[in-house]
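**Q** Here's my sequence, what's the structure:
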Amino acid sequence: MKRMSLRMALCLLCSFALAAARPAPAVAEAAPPARDPVGASWAKGIFRCSDRVQLYAGVGGRLEGFDFAVGDRLAAGELVFAIVPVEVPSPIGGAVRALHAGIGDACADVIREYGALCYIECGDVCRINLHPSTAYDDPENRDLRLGEELRLYNNKSSPSDKREAIGRVVAYEGGAYVAEFPTGAFELEETVSAYRGTGDAYKDKDRVGKGKVARVPPVAVVWDGGIADVYIEEGSEVIRGQPLFAVDRVGERFEAAPELAIRCPSDAAIAALHVQPGQAVAKGQLLATLTLLDRIECVVDVDEMDILSLRVGDAVRLRSDARPDAWLSAAVESISPIGKVILDTTKYEATLRLTGDADPYPLMPGMHVMAYWGD
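**A** Numbers count the residues shown, from 1 in each chain. Modelled structure (predicted):
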């Protein structure tokens, strides 16, 4: 028993000796924390974007849809807003004649002097006036409908002189129905009869009227407000409903065509949004405020005990909480002459401009920073 106890004691003693002889496991040495400069004055602050841009509507109209919100980031050149202005449509298809309106004109002034902003001359169709007194003596023949299709015939006996066409009732003017048909179907001032019915036979009992072929008179284009842009030129061929002018409210004046597509001037974030998608806007209305991200500055609150040691232009060293091991160089750009009381002390806001060719790491607005000087 004594021998067994002695052996166990010897084994334990050997185990302790071996453990003491082994080298301790290596421990990674932490990087020493950056030390504050001895004797330096200091102040706390944050990084922020130095520039803001406000976007305004260059013309009245309606905003197209957008899906961004406050805080969203925009790239340089990215479309922010698109404005659809009030536009003057062409009443008919044809050629633009006697264009008098220009950018910056008041519609009322142009119309007062020339009778219209411009005229549209329709060269593709001619017309005849069908007075009820020229219809076959039947009440149904004197009762036409707008849009009704008619057969037109020139009543010539010679086969080589016979002509016919399909026309359509488009208006009722001065007691007569107006039918239009393609230009070239008949000669100008030729007498043409209009019939209902189908087939090649033209029966007097189907005649709904007759008249002389005439050109469609030019249509005057009139509107109200101020001319913001002109989309046409003299002689331009247009179709019915095609926009001719962009206009704004009465009294609005333009020196040049407004920008309908408003783009981001540089990398930015939306700081404030003042409109909604589809909203009607007026010329000069504030749409959004952007914070530009291409220039970062630092603002610090300097204690009243240290403010007299800091001057505009002084060099300052910065260290952010995000990278306490890296230093940045800066210079004092401005110092507010008005202090703000925080608890029992007064602080003065100093704006610091970063110096140097490049930043050692990306800076983001809102990062906290310490500024040191005078060491």
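
**Q** Tell me the spacing between residue 103 and residue 73.
**A** Between residue 103 and residue 73 the computed distance is 35 Å (CB to CB, to the nearest Å). The way it works is simple: take the backbone N, C-alpha and C, and place the C-beta from them, glycine included.

**Q** partner residues bridging the residue lying closest to residue 98 once chain neighbours are set aside?
**A** In space, residue 98 comes closest to residue 119 once its chain neighbours are excluded; the distance is 4.9 Å by CB to CB, 6 or more residues apart in numbering. Here residue 119 sits in beta bridges with residue 97, residue 220, going by DSSP bridges.

**Q** Any idea how many residues pack against residue 119?
**A** 19 (other CB atoms under 10 Å).

**Q** My read is that it contacts residue 221, right?
**A** Yes - counting by CB atoms under 8 Å, residue 119 touches residue 221, with 6.8 Å between them.

**Q** hmm, back to that, contacting residues for the residue nearest to residue 98?
**A** Residue 119 sits next to 96, 97, 98, 218, 219, 220, 221 when contact means CB atoms under 8 Å, 6 or more residues apart in numbering.

**Q** ditto for residue 220
**A** Here residue 220 is in contact with 115, 116, 119 (CB under 8 Å, 6+ apart).

**Q** Closest one of the residues you listed to residue 263?
**A** Nearest to residue 263, judged by CB to CB, of these is residue 116 at 35.8 Å.

**Q** so who does that closest one touch?
**A** Residue 116 neighbours (CB under 8 Å, 6+ apart): 98, 100, 110, 220, 221, 222.

**Q** Against residue 156, how distant is residue 310?
**A** For residue 310, the distance to residue 156 - CB to CB - is 104 Å.

**Q** Pretty sure residue 222 sits against residue 120.
**A** No - with contact defined as CB under 8 Å, residue 222 does not reach residue 120; the gap is 11.6 Å.

**Q** Please say which of those two ends up with more neighbours.
**A** residue 120 (26 against 15).

**Q** what's the spacing between that one and residue 90?
**A** For residue 120, the distance to residue 90 - CB to CB - is 6 Å.

**Q** With neighbour numbers in mind, choose between residue 103 and residue 73.
**A** Neighbours were counted for residue 103 and for residue 73 using other CB under 10 Å; residue 103 has more, 17 against 13.

**Q** Go ahead and confirm that one touches residue 257.
**A** Yes - taking CB under 8 Å as the definition, residue 103 is a contact partner of residue 257 at 6.0 Å.

**Q** Spit out the residues that contact the two alike.
**A** 228, 229, 230.

**Q** residues in contact with the second one?
**A** The reference is to residue 229. Contact partners of residue 229, counting by CB under 8 Å, 6+ apart, are 59, 85, 103, 245, 246, 254, 257, 258.

**Q** quick check, the fourth one in a strand?
**A** This points to residue 245. Yes - per DSSP: H, G, I helix; E, B strand; the rest coil, residue 245 lies within a strand segment.

**Q** Neighbours of the residue nearest to it when sequence neighbours are not counted, how many?
**A** Spatial nearest neighbour of residue 245, chain neighbours left out: residue 88 (4.3 Å); criterion: CB to CB, 6+ apart. Neighbourhood size, residue 88 [other CB under 10 Å]: 23.

**Q** Check the gap between residue 88 and residue 148 for me.
**A** 30 Å.

**Q** related to what we said a few turns ago, going by distance to residue 289, which of the shared contacts of residue 103 and residue 257 wins?
**A** Of these, the one sitting nearest to residue 289 (CB to CB) turns out to be residue 228, at 24.6 Å.

**Q** can you confirm the closest one is in a strand?
**A** Yes - according to three-state DSSP, residue 228 belongs to a strand.

**Q** you'd agree it is up against residue 87?
**A** No - the pair residue 228 and residue 87 fails to qualify as a contact (CB under 8 Å) at a distance of 9.5 Å.

**Q** Overlap in contacts, those two.
**A** In contact with both residue 228 and residue 87: 245, 246, 247, using CB under 8 Å, 6+ apart.

**Q** ok, so what distance separates the closest residue to the last one other than its chain neighbours from residue 347?
**A** The one in question is residue 247. Excluding its sequence neighbours, the residue lying closest to residue 247 (CB to CB, 6+ apart) is residue 225, at 4.1 Å. According to CB to CB, residue 225 and residue 347 sit 54 Å apart.
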